[in-house]
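K.L.:
Sequence and predicted model, in that order:
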Amino acid sequence: MKIGLGCDHGGYNLKEEIKKHLEVRGIEFIDYGTRNGIDSVDYPIYGEKVANAVISKEVDYGIVCCGTGIGISLAANKVSGIRCAVVSDTFSAKMSKAHNNANMLSLGERVLGRGLALEIVDAWINTEFEGDRHSRRVDMIKEIEARHSK
Ligand code: RB5
């Protein structure tokens, strides 16, 4: 499994913590920036970069961080085929994969402590999509996307 990582300045420290955590777990990743937490940057740039990497299959999944996790997820979700879930608890992390087949996870550095954030990452990575009736619903989301992309 290879994971694409991205953040703005508000999510930089958390992205760095996630990198260390993935290294320890032996999970491959590509870092799409930003490269420091000092210079103010625009979160849509990094949301789109990671989303493009997921859609082009350069990586299998994406994890993005900003101050709240909201802005960068909104940007990522504008890329067709992306289902990016903003999550602040481990139950939602599991469900976002098991039921919604989320291919991206978004976390807020200013919302979560490091310990909880890394537990959320683990819960999300370790959960598989359950398919069955959930596939039909995910397909319905894709249909909405197709109808509105004309
Ligand atoms: C940056 O100050 C902040 O707005 C951003 O990181 C994020 O929280 C936006 O949703």
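P.N.:
Great, that's in hand. Numbers count the residues shown, from 1 in each chain.
K.L.:
Would you map the strands across this structure?
P.N.:
Ranges of strands in the chain, per DSSP state E, are 2-7, 28-31, 61-66, 84-86, 104-108.
K.L.:
Out of those strands, the one nearest residue 48 is which?
P.N.:
strand 2-7 (8.8 Å; C-beta to C-beta). C-beta coordinates here come from the backbone N, C-alpha and C atoms, glycine included.
K.L.:
Contacts only, for the residue most central in space within the chain.
P.N.:
The structure's the chain has its C-alpha centroid closest to residue 105; by C-alpha atoms, centre = their mean the separation is 2.5 Å. Taking C-beta atoms under 8 Å, 6 or more residues apart in numbering, we find residue 105 in contact with 61, 62, 63, 64, 84, 85, 87, 93, 96, 120, 121, 124.
K.L.:
Look at residue 139 and say how many residues are nearby.
P.N.:
Per other C-beta atoms under 10 Å, the neighbour tally for residue 139 reads 9.
K.L.:
Relative to residue 133, how far out is it?
P.N.:
Counting by C-beta to C-beta, to the nearest Å, the gap from residue 139 to residue 133 is 11 Å.
K.L.:
and what of residue 81?
P.N.:
Separation of residue 81 from residue 133 (C-beta to C-beta): 21 Å.
K.L.:
for residue 106, same thing?
P.N.:
25 Å.
K.L.:
can you check residue 38 too?
P.N.:
From residue 38 to residue 133 the distance is 47 Å (C-beta to C-beta).
K.L.:
now residue 140
P.N.:
11 Å.
K.L.:
do residue 70 as well
P.N.:
In terms of C-beta to C-beta, residue 70 sits 29 Å off from residue 133.
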